[in-house]
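Asker: Make a model of this:
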Amino acid sequence: MKKVIIVGAGPSGLILGLLLAKAGIEIELLDAGSEIDKQPRAAHYASPAVYELGRAGVLEDVKERGFQPDGFAWRQIDGTLIAGMSHAVLKDHPNRMVVLPLDRLGAILYEHIQRQPTAQVKWSHRVVHVGQDEDCAWVEIETPDGIKKSEADYVIGCDGASSTVRRELFGPEYPGETLNAQIVATNVYYDFDSFGYWDSNTIVDPENWYMAARVTTDGLWRFTYGDKPGLSKEEYLARQPLRYETLLPGNPKPGQYKITNISPYKLQQRCAPSFRVGKILLAADAAHLCNPFGGLGLTGGIADIGSLFDALMGIHKGLADESILDKYSEIRKRIWTEIIDPISRENFRRLHDQDPTKARENDEFFQLCVKGETDEQRAKDIALGLDIVRHDMTQYYTK
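Answerer: Numbering: from 1, shown residues only. Purely as a prediction, here's the structure:
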């Protein structure tokens, strides 16, 4: 294998490009944007993602610029603790969760990939068509210098929910559904610590559910709350001050907090028909989507990258034939169908579809967390629970 084209210079594309470039493979990474996406978006990397960050050689930089959270709490709207999940019990575990906003992770990955002599990142290169024959896969690209064509052994779509690569393979439809719910994601400086909040907190309430998680060491929090479905972006922005005053502990008014980002989002549960068509492959959001509660989208996407890297390396080193790419598609789609989709739906349902005053006794997951309060090994197992989305493709090597 001589060359791979990766479409999309988000975190998944950059991690895959970095891993392959370090193996000596020529990487052409194409992105329609003019620079690294500066939207902070997600920030929590669970154990399967941390493992891949370590393999890519960036984990120490991520730890240095980010932090490792001590725990997650679920609360009633008045702040009463329902249950908690400790990450401090992992202490020096190599795959303990790490937190860093996605834009800052992107900057680290870009720094590292620029050091690789076999890798090129090309900005303002929008892929418009994808094709293949028996010998190679190819892309047509809109560039500042006109339309160009580029060929490689494989083309990999890491170009997000609106993936051009996926649409070229399967048309405009992205199988799945948009949930009948609306969230508004904000990044805000506010003193949650003074109210006894943990590093991450989820409020269980039929009407006023939300999540508040620390994302930097200088006091920035990710505050994501539910709102009425069907309104315009302008209406959601206008409603923000009242929603903050209703939801946040201390009931603050404008001027008592500082918002740095605000974006309304729909919640999606979607999966492509296949993650492989010949020499063209899909990974991360280009292949599947889920709601953000529980971090399964980001962690699951990076876990895709680890599996795909091992499959490609098996081919590159002569340890597997191309059928391992079908196995990659089969396994990763099954993980989404059997694990990521149902668990992420259950995580979301848990917020608003039960009596918060009885959740500690009635909710099966909360019961596990309660047992972990006095059983350190159980607490460790819970903290590493998302290891289930990682899959070792080297077991399918034939040599």
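
Asker: Is Ile36 in contact with Glu111, as I believe?
Answerer: No - Ile36 lies out of contact with Glu111 (CB atoms under 8 Å); the separation is 10.0 Å. Where you see a C-beta, it was placed from the backbone N, CA and C, and this is true even at glycine.

Asker: Of these two, give the one with the bigger neighbour count.
Answerer: Set side by side, Ile36 and Glu111 show unequal neighbour counts under other CB atoms under 10 Å, the larger going to Ile36 at 22 against 12.

Asker: Secondary structure element holding the residue nearest to His129 when sequence neighbours are not counted?
Answerer: What sits nearest to His129 in space, not counting adjacent residues and going by CB to CB, 6 or more residues apart in numbering, is Glu140, at 4.0 Å. Glu140 is located in strand 137-143, with elements delineated by DSSP states H and E.

Asker: Going by neighbour count, which residues in that strand are buried?
Answerer: If you call a residue buried by 16 or more other CB atoms under 10 Å, then strand 137-143 has these buried ones: 137-139, 141.

Asker: Stretch 329-341 too?
Answerer: When burial is assessed from 16+ other CB under 10 Å, stretch 329-341 yields the following buried residues: 329, 331-333, 335-336, 340-341.

Asker: Kindly report the same for stretch 307-323.
Answerer: By neighbour count, with 16+ other CB under 10 Å as the criterion, the buried positions of stretch 307-323 are 307-316, 320.

Asker: next one: stretch 204-216
Answerer: Under the neighbour-count criterion of 16+ other CB under 10 Å, stretch 204-216 has 204-205, 209-216 buried.

Asker: Return the subset of those lying in strands.
Answerer: Counted as lying in strands by DSSP state E, out of the buried residues of stretch 204-216, are 210-214.

Asker: Format these as TSV; extra columns: distance to Ser163 and pLDDT.
Answerer: Below are those laid out as TSV (distance: CB to CB, whole Å; pLDDT from 0 to 100):
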residue	distance to Ser163	pLDDT
Tyr210	30	97
Met211	27	97
Ala212	31	97
Ala213	27	97
Arg214	31	97
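
Asker: number of nearby residues for Glu64?
Answerer: One way to gauge burial is a neighbour count; for Glu64, by other CB under 10 Å, it gives 10.

Asker: whoops, I mixed them up, Ser34
Answerer: By the other CB under 10 Å criterion, the neighbourhood of Ser34 contains 8 residues.

Asker: picking up where we left off before, could you point out which of the buried residues of stretch 307-323 is nearest to Tyr396?
Answerer: Taking CB to CB as the measure, Tyr396 sits nearest to Ala320 out of the buried residues of stretch 307-323, at 6.4 Å.

Asker: close enough to count as contact, that closest one and Ala311?
Answerer: Yes - here Ala320 lies in contact with Ala311, judged by CB under 8 Å, at a distance of 7.1 Å.

Asker: residues shared between the contacts of those two?
Answerer: By the contact definition CB atoms under 8 Å, 6 or more residues apart in numbering, Ala320 and Ala311 are jointly contacted by Tyr396.

Asker: Could I get the contacting residues of Tyr210?
Answerer: With contacts defined as CB under 8 Å, 6+ apart, the neighbours of Tyr210 are 202-203, 223-226, 247.

Asker: so which of those comes closest to Val58?
Answerer: Scanning those for proximity to Val58, where the rule is CB to CB, the winner is Thr224, at 26.1 Å.

Asker: show me what contacts the closest one?
Answerer: Contacts for Thr224 (CB under 8 Å, 6+ apart) come out as 183-186, 210-212, 292.

Asker: Using CSV, lay out those together with distance to Gln268.
Answerer: Converted to CSV, those look like this (distance: CB to CB, whole Å):
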residue, distance to Gln268
Ile183, 11
Val184, 16
Ala185, 14
Thr186, 19
Tyr210, 19
Met211, 17
Ala212, 22
Pro292, 10
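
Asker: Closest to Phe170 out of the residues you listed?
Answerer: Sorting the contacts of Thr224 by how near they are to Phe170, with CB to CB, puts Pro292 at the top with 24.2 Å.

Asker: The closest one belongs to a strand, doesn't it?
Answerer: No - looking at Pro292 with DSSP: H, G, I helix; E, B strand; the rest coil, it is coil, so not inside a strand.

Asker: Go through the ones in strands among the buried residues of stretch 204-216 and name the one nearest His44.
Answerer: If you rank those by distance to His44 using CB to CB, Ala213 comes first, at 6.9 Å.

Asker: quick one: the helices in the stretch 151-300 of the chain?
Answerer: Taking DSSP state H, counting those that start in this stretch as the test, the helices found in the stretch 151-300 of the chain are 164-170, 233-247, 296-316.

Asker: can you pull the buried residues of the second one?
Answerer: Residues of helix 233-247 classed as buried under the neighbour-count rule (16+ other CB under 10 Å) are 236, 239-240, 243-244, 247.

Asker: And the contacts of it?
Answerer: Defining contact as CB under 8 Å, 6+ apart, one finds that helix 233-247 is touched by 77, 182, 184, 186, 203, 208, 210, 225, 227, 231, 251-254, 257, 259, 262, 264.

Asker: Filter the residues you listed down to the buried ones.
Answerer: 77, 182, 184, 186, 203, 210, 225, 227, 252, 257, 264.

Asker: Glu207 is in contact with Tyr225, correct?
Answerer: No - the pair formed by Tyr225 and Glu207 falls short of the contact definition of CB under 8 Å, at 10.7 Å.

Asker: how long is stretch 163-174 end to end?
Answerer: The first and last residues of stretch 163-174 sit 10 Å apart, counting by CA to CA, to the nearest Å.
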